[in-house]
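Student: Structure for the following, please:
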Amino acid sequence: MKIVIVGGGWAGCAAAVRAAKAGAETVLLERTDMLLGTGQVGGIMRNNGRWTAAEECIAMGGGELFQLIDSCCRHKNISFPGHAHASLYDVGKTPGKTEQYLRSLGIHLRFQSRVTGVELDGSQLKAVKLQDGTRFSADAFLDTTGTAGPTQNCTKYGNGCAMCILRCPSFGGRISLTGLCGIPEMHGKKADGSIGAMSGSCKLMKGSLAPEIVEQLDRDGVVVVPLPPELCEDHLSLKACQQYALPAYSQNLVLLDTGHAKLMTPYFTLAQLHKVPGFETARYEDPYAGGKGNSMRFFAMAPRDDTLRVQGMDNLFCAGEKSGLLVGHTEAIATGTLAGWNAVQCARGLPLLTLPDTLAVGDAVHFVREQMKTEEGVRKKFTFSGSVLFAHMKERGLYTTNTVEVQERVAEAGLTNVFAGEQISHDKNRT
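Tutor: The predicted structure is shown next:
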C-alpha cells in the first residue's frame, strides 16, 4: 500500500504522519527545499477556537504534530488583540524538528520535486510525474499544494512578487495536482469581488528593532505600539486572515515573537515604518519586499466532499487551503490528518470517515464546503481563531478550553483514538 502526497506544508506533513502510522509506504513530494511552507513564517497556535480543534485531534489520536509544536513554543497562553490563550512556536526550529520526526517514521521525503504531470485511468489517478520526468505511482494520492502563487498571480492580483518564503522564482510556481487531473477548481474572492487574498502578516528581523522592543517581545511574546493617525495603513480588506481584520491592527503595530518579530499586517511601507520610534532601522525578513506587498492566496481550491476526497476522482484527497477557504496551521493539520487517514482507507478499500458536526473539526469541514457554494461565502475566509467560523463555533456551543469536555465529546462520537487505528463504533461516521 503506497500513498503519495504532493505539497509539504502543515497539511501535507499531517497527512504523511497519518498515512505512515497507518502502515502505508508514504512519499512526500515538496517543491522547495524545506517543509512547512507558510508554516516557516507563521507560528500562531491554540488561539481562540484553535485550542478546541487541536485538543479534538489529540483526543482522536491524531495529535502528534500538535504535541511537537507545543514542544517548540517560545510562548504559551498569551493574549493579543482579539485573541486569547495563544501559543507561539519558534519558526526557526520547528521546520527542522518536523523533518526529523517525519524521517523517524520512515516517510520518504523528496525535496525540489515539482509535480508537472499525471497519469490517469478514468477517475483513477495512477501516477504523478516530476519536472525531471521521475514517476511516482501509488494507491492513493493527496493534493496539499496550497493555493498561493505562482508569481504571475501575485503580479496580476496583488502588488507583484514580494519575495516570500514560497520562493516561486527559485523553485518554480505552485502547480495544482487537482488541476493537472482536469478537475475545475474554485477561486476565493475579496470583499469587493476581486480574486484572491493577501497573506496577513510580515516578519521583521528582531535585531533591526530597538533593544527595548526586543526585550519586551522576548519576555511577553507580544508588543503593541500605537500609531499616530498619519502613519496608519489600513490593509484590512486585503487580508486572507480576516480574524485580524480589526481596528487594532490598523491603528497599532502588533508584534508577536516567533523567533522573528511577526508584524500583524499584510505589508507596511518601509519609509513609514522607519518613522515609528523603535523601528528606525527595521528590516523585513519575510517577505523581503514587505514594504510593498505580500503573497496572494486562494486561487485554486478543490471541489471535495466531507471525507476530503476530490470530487470527480476516486483516489485523490485534499487538505489545507486546497480543501477550501481555511486559514491557519491548525486548520491545515486537522484537515491533513483526516485526508491522510481517508487516503489509507481508500487504498485498503475500507469505508471513509466523515467527522460529525458535533465536533468542531467535523463541523468546520462541512460548514466551509456549504458556505463556498454561495457568492457571499467565497468572499469570506474561515478559521477557528476568529471571524465567521469562530462565531459559528460559539453559536453551536463547540468552543471550549476544557480538555475533559473535548475528550467526552470525542468519546460520545465514538472516535476516541480513531486515527491511532482503533475501530469506529458508530456507523453514522462511515461513508
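Student: Verify the stated contact: N47 with A84.
Tutor: Yes. Assessed by C-beta atoms under 8 Å, N47 is found in contact with A84 at 6.8 Å. No exception for glycine: its C-beta is placed from N, CA and C like everyone else's.
Student: Looking at the two, which is more packed in?
Tutor: With neighbours defined as other C-beta atoms under 10 Å, N47 and A84 compare such that N47 has more, 25 against 14.
Student: Contacts only, for the more buried one.
Tutor: H83, A84, H85, A86, S87, S385, G386 (C-beta atoms under 8 Å, 6 or more residues apart in numbering).
Student: what number of residues lie near the residue nearest to A22 when sequence neighbours are not counted?
Tutor: Leaving aside its sequence neighbours, A22 sits nearest to V344 (C-beta to C-beta, 6 or more residues apart in numbering; 4.3 Å). Using other C-beta under 10 Å, V344 has 23 neighbouring residues.
Student: State whether V344 is indeed within a helix.
Tutor: Yes. Residue state for V344 (DSSP: H, G, I helix; E, B strand; the rest coil) corresponds to a helix.
Student: so how far is A24 from it?
Tutor: 5 Å (C-beta to C-beta, to the nearest Å).
Student: what's the answer for I69, then?
Tutor: On the measure of C-beta to C-beta, I69 and A24 end up 23 Å apart.
Student: Also N47?
Tutor: 33 Å.
Student: same thing with V115?
Tutor: 19 Å.
Student: Residue most distant from the centroid, the protein?
Tutor: No residue in the chain sits farther from the centre than E230, which is 34.1 Å out by C-alpha atoms, centre = their mean.
Student: give the contact list for it.
Tutor: Going by C-beta under 8 Å, 6+ apart, E230 touches no other residue.
Student: a strand runs through S79, doesn't it?
Tutor: Yes. Per three-state DSSP, S79 lies within a strand segment.
Student: Could I get the contacting residues of it?
Tutor: Taking C-beta under 8 Å, 6+ apart, one finds H85, A86, V222 in contact with S79.
Student: Got the phi and psi for L256?
Tutor: Main-chain torsions, L256, degrees, to the nearest 10: phi -120, psi 150.
Student: Nearest spatial neighbour of it, chain-adjacent residues omitted?
Tutor: Per C-beta to C-beta, 6+ apart, closest to L256 is K262, 4.2 Å.
Student: Which of the three states applies to the one you found?
Tutor: K262 ends up strand, using three-state DSSP.
Student: Can you give me the pLDDT of the residue nearest to A22?
Tutor: V344 carries a pLDDT value of 98.
Student: now L246
Tutor: Value for L246, per-residue pLDDT: 75.
Student: didn't it look like it was pressed against G82?
Tutor: Yes. L246 is within contact range of G82, at 5.1 Å (criterion: C-beta under 8 Å).
Student: quick one, which of those two is more surrounded?
Tutor: G82 (20 against 17).
Student: got the buried residues for stretch 119-135?
Tutor: Buried residues in stretch 119-135, counting neighbours by 16 or more other C-beta atoms under 10 Å, are found at L125, V128, L130.
Student: For those, give me JSON lines that also has pLDDT and distance to D139.
Tutor: JSON lines is the format used below for those (pLDDT from 0 to 100; distance: C-beta to C-beta, whole Å):
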{"residue": "L125", "pLDDT": "98", "distance to D139": "10"}
{"residue": "V128", "pLDDT": "98", "distance to D139": "13"}
{"residue": "L130", "pLDDT": "98", "distance to D139": "19"}
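Student: would TSV of those with secondary structure and distance to V365 be doable?
Tutor: Below are the buried residues of stretch 119-135 laid out as TSV (DSSP: H, G, I helix; E, B strand; the rest coil; distance: C-beta to C-beta, whole Å):
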residue	secondary structure	distance to V365
L125	strand	22
V128	strand	25
L130	strand	30
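Student: Least confident secondary structure element in this protein?
Tutor: None of the helices or strands of the chain scores lower by mean pLDDT, DSSP states H and E than helix 248-251, at a mean of 88.
Student: can I assume V378 sits in a helix?
Tutor: Yes. According to three-state DSSP, V378 belongs to a helix.
Student: from what I can see it touches G193, true?
Tutor: No. Counting by C-beta under 8 Å, V378 does not reach G193; the two are 9.5 Å apart.
Student: Name the residue in those two with the higher neighbour count.
Tutor: V378 (20 against 9).
Student: For G43, see how far away R110 is.
Tutor: Distance, R110 to G43, by C-beta to C-beta: 26 Å.
Student: Looking at the two, which has the bigger crowd around it?
Tutor: Neighbour totals were compared for R110 and G43, and G43 leads with 28 against 14 (other C-beta under 10 Å).
Student: tell me the contacts of that one?
Tutor: G43 makes contacts with L88, Y89, D90, V91, T94, L256, T258, G259, K262, as judged by C-beta under 8 Å, 6+ apart.
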